[in-house]
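J.: Need a 3D model of the following:
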Amino acid sequence: MKRSTAFIATCLSFIMASCTNTSEGSFVDGVADALINDGKVNIELLEWTREPQSFNVNGDTLTITTAPHTDLWQRTYYHFRNDNAPVLQMKTREQYFSFVVKTDFTQSHHRFDQCGIVMYLDSDNWLKGSVEYENEQFQHLGSVATNNGYSDWATTAIPADVKTMWYRFSRRADDYCIECSTDGVTFSQMRICHMYKGAEEISFGIYACSPEESSFSAVFTDMKITGIHRPVVLDNEICVAAVRKRTLRMKHADKIRHYRIEQTHRNGIYVLRDPFVEKPTQEKAPLVSRNFIARPRTFDILVVARLEIIPQVTVDFTGMRNVRL
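T.: Residues are numbered from 1 along each chain as shown. This is a model prediction of the structure:
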């Protein structure tokens, strides 16, 4: 009897371990997959958190037809909870990336009709950005950050004749940024926030809903993953060597360039500036040699690839660039 019990326990342990390994093996990182395909998002990898009554996929175009009385909101100010909006998302464990999508809400016509970008973790923790129809004169461009069951809404009025909007959702570990654009080229910041439950694996994508007695078709196109901006974390010895030299030598496209090292903050945070660029380019992000996280649009060097320390004090840009001290 004892042997049988032990044998059964062993079998159960083996089965549970097998299930765990299978689950882990079935995980597909949507960001990693997109980067293999020049940033193009594979819609087939997206999963419904709540499937709408009607939707259509035609190539890279997704159309969602909303149902009445669908919404996302938790408690704050209005003291109600709505959690039934259709949400289509991909999963990722990537800590540094941006996701861009174009929305077309030409058919929106009733108060609060909306569609946009979303990171839905659970009922009490999510982030969204969208345009909400108000009336024939104006509509609301806004974002909602919901942490631990309380929603925080930031909004501004825009003309009612705006019928398309691009969004860029950027992740920096458990900090997030939502931006918007009318042309897909020039983006403006809508919100920067911290998500308490957004430090590990996340799900993000798009959503559409009609909180009142309404329905409309929202169209999503041009979904893509853009530049990876990972931290460059050098160990103390390398950091000291770099600071003493005050320059860093970078090889890119068979050309050697030197970058000036500047200390800009306390706690040993340094940035690298390109001495050959007279005017900072707002679209470029910073490269920092230690304890990296500096604000985008502040510095002059573009980093769009994976960064890792390898022997001979070299930072490998995964085939794109090489940096040597």
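J.: residue contacts, residue 161?
T.: Shown in contact with residue 161 (C-beta atoms under 8 Å, 6 or more residues apart in numbering): no residues. Any C-beta I mention is one placed from the backbone N, CA and C, and that applies to glycine too.
J.: and it, what pLDDT?
T.: Note on residue 161: pLDDT of 96.
J.: Determine the set of other helices and strands touching the helix or strand hosting residue 34.
T.: Element membership of residue 34, judged by DSSP states H and E, is helix 30-36. Secondary-structure packing of helix 30-36 (3 or more C-beta pairs under 8 Å, 6 or more residues apart in numbering; DSSP states H and E): strand 87-92, strand 217-226.
J.: May I see the buried residues of it?
T.: For helix 30-36, the neighbour count (16 or more other C-beta atoms under 10 Å) marks 30-31, 33-35 as buried.
J.: contact partners of it?
T.: Contacts with helix 30-36, where a contact means C-beta under 8 Å, 6+ apart, come from 40-42, 45-46, 90-92, 94, 97, 99, 224-225, 228.
J.: burial of residue 147, as a residue count?
T.: Other residues within reach of residue 147, judged by other C-beta atoms under 10 Å, total 19.
J.: ok, residue 112 to residue 142 distance?
T.: Going from residue 112 to residue 142 by C-beta to C-beta, to the nearest Å gives 11 Å.
J.: intersection of neighbour lists for those two?
T.: Shared contacts of residue 112 and residue 142 (C-beta under 8 Å, 6+ apart): residue 132.
J.: Counting neighbours, go ahead and name the busier of those two.
T.: Neighbours were counted for residue 112 and for residue 142 using other C-beta under 10 Å; residue 142 has more, 22 against 16.
J.: Helix or strand next in line after the helix or strand the more buried one falls within, which one?
T.: Here residue 142, judged by DSSP H and E, is contained in strand 138-147. As assigned by DSSP H and E, the chain's next helix or strand after strand 138-147 is strand 150-159.
J.: Residues contacting the very next helix or strand once past that following strand, please?
T.: Next helix or strand after strand 150-159 toward the C-terminus (DSSP H and E): strand 164-172. If you take C-beta under 8 Å, 6+ apart as the criterion, strand 164-172 is touched by 94-106, 116-117, 119, 129, 131, 141, 176-184, 187, 198, 202, 204, 222, 226, 229, 293.
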